[in-house]
Structures are given as structure tokens and as C-alpha cells.
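Colleague: any chance you could fold what I've pasted below:
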Amino acid sequence: MSRTMNIIAAIMLLLAAACTPDDEPVTPATAPVGNITLTIGDRTFAATMEQNSTAEAFFKMLPMTLEMKDLHGNEKYHYLSQPLPTNRTGVGTIHAGDIMLYQDDCVVVFYETFSTSYSYSPIGRIADTEGLKEALGSGSVSIAFAAE
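Modeller: Residues are numbered from 1 along each chain as shown. Model prediction:
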């Protein structure tokens, strides 16, 4: 009986493959996510978004302005009112300009490079971080995120 089931399963797979034309595009797991800008005071920074469900959900929330608090002199963070999907990974090294999600609801913008054992879901990365640390300052700051 199991051999018959294996043959039926193989035939069904072949039929399913035959019904899909080769030239038809495959739908990605997540919709393509565009680039964004972060505006801090009179400075604007361009960021490239990751292509994952976390970045897609964040992108759909734009535009938005977040009041972000300072932590450890190397990051700004804000807890969102709703959780986002996660793609957590042990990044090992945080780079200045990384935009990450901690847990499922904490957006973090890093302005220093350092090693970490924490796991984050990548959202995006600021391409040119020159002047980022100075723009963010040492206390809380308002950051406007917008689709480019």
C-alpha cells in the first residue's frame, strides 16, 4: 500500500509542476521593500532595507516619527505599540548605521560599532554614517522614517 501511495504522490507532484509555466514569475515570500530615509533635525540619512518580513512590516508603517531614547551611548531605541514579525539572528557585530528590531517590538538605530551576543531582526542599514552620531546626540531624539 505504501508503494502505491508513493506513486500517487509522485504523479501529483509532476502534475502540479506541469501546470505552472516556466516563464511565470515566482512570487517571493515577502514583497520587495524599498529604501528609506531617516531625518534627524536638519540631517537626512539614506538607508537600504533588508528583504525580509520584519523590514516589510516596518516599511508598511511608514511614514512615522519616533521619539527614540539613548542606551549605552551607542544606540537609540523605541518600543512600538504593535509587534512585528521577527527574523532573529545572532549578528555578532553591530555596525554603526544598523537598523534592527530587538525582540518583536523595539526598533533600534545603532551609531557605534561593537560586538554583541544579542539576537536582532535586521531591518536596514544607513549607507553613509558620517555625522550620524553627532545628529543623534546624547539624549532622546526624534527620528522621522519615510519611504524614499
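Colleague: quick check: closest non-adjacent residue to residue 111.
Modeller: In space, and not counting its chain neighbours, residue 111 is closest to residue 133: 4.6 Å by Cβ to Cβ, 6 or more residues apart in numbering. All C-beta atoms are positioned from the backbone trio N, CA, C, and that covers glycine.
Colleague: repeat for residue 74
Modeller: Excluding its sequence neighbours, the residue lying closest to residue 74 (Cβ to Cβ, 6+ apart) is residue 112, at 3.6 Å.
Colleague: so who does that neighbour touch?
Modeller: Listed by Cβ atoms under 8 Å, 6 or more residues apart in numbering, the contact set of residue 112 reads 73, 74, 75, 94, 96, 133.
Colleague: can you turn the buried part of the residues you listed into a PyMOL selection?
Modeller: Entered in PyMOL, the line below selects the buried ones among the contacts of residue 112, by 16 or more other Cβ atoms under 10 Å:
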select buried, resi 74+75+94+96
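Colleague: assign the spatially most central residue of the chain to helix, strand or coil.
Modeller: The residue lying closest to the centre of the chain (Cα atoms, centre = their mean) is residue 123, at 1.8 Å. Of the three states, residue 123 takes strand under DSSP: H, G, I helix; E, B strand; the rest coil.
Colleague: partner residues bridging the closest residue to it other than its chain neighbours?
Modeller: The shortest distance from residue 123 to any non-neighbouring residue, by Cβ to Cβ, 6+ apart, is to residue 99 (4.4 Å). Residue 99 has the following beta-bridge partners by DSSP bridges: residue 109, residue 124.
Colleague: I figured residue 99 hits residue 120, correct?
Modeller: No: with contact defined as Cβ atoms under 8 Å, residue 99 does not reach residue 120; the gap is 9.6 Å.
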